[in-house]
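**Q** Just to be clear, the model below is a prediction. Sequence and coordinates:
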Amino acid sequence: MKALKVGVEHVGPAVKDLQTTASLFTNLLGFTKLGERADYPAILSAMV
């Protein structure tokens with residue numbers, strides 16, 4: 001049987017400082033910020 005997907009599709013870490021963590025993902029790890037929600041503490045990002 002062949003695997004349908006390989007790799008990580010979704011990660012949702014709980015962090016104390018959302019902006020600092022977002023900066024780490026975008027500036028250091030090369031993720032691209034896709035959006036965020038003001039009414040819910042979440043930032044969407046992806047490796048492109």
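**A** Right, received. Where do you want to start? Residues are numbered from 1 along each chain as shown.
**Q** Only C-alpha atoms from now on, for both contacts and neighbour counts.
**A** Will do.
**Q** For the closest residue to F31 other than its chain neighbours, give its distance to G30.
**A** For F31, ignoring the flanking residues on the chain, the nearest one in space by Cα to Cα, 6 or more residues apart in numbering is M47 at 4.5 Å. M47 sits 7 Å away from G30, going by Cα to Cα, to the nearest Å.
**Q** Count the neighbours of A22 for me.
**A** 20 (other Cα atoms under 10 Å).
**Q** That one touches L44, doesn't it?
**A** No: counting by Cα atoms under 8 Å, A22 does not reach L44; the two are 9.1 Å apart.
**Q** Tell me which of M47 and G30 has more neighbours.
**A** Shown here are M47 and G30; by other Cα under 10 Å, G30 has more neighbours (14 against 10).
**Q** for the more buried one, what are its contacts?
**A** M47 (Cα atoms under 8 Å, 6 or more residues apart in numbering).
**Q** any idea how far it is from L4?
**A** With distances taken as Cα to Cα, G30 is found 26 Å from L4.
**Q** so where is this structure shaky, pLDDT-wise?
**A** 3, 48 (pLDDT under 70).
**Q** do that again at 90, thanks
**A** 1-13, 18-19, 22, 25, 31, 33-48 (pLDDT under 90).
**Q** do you know how far F31 is from T21?
**A** In terms of Cα to Cα, F31 sits 11 Å off from T21.
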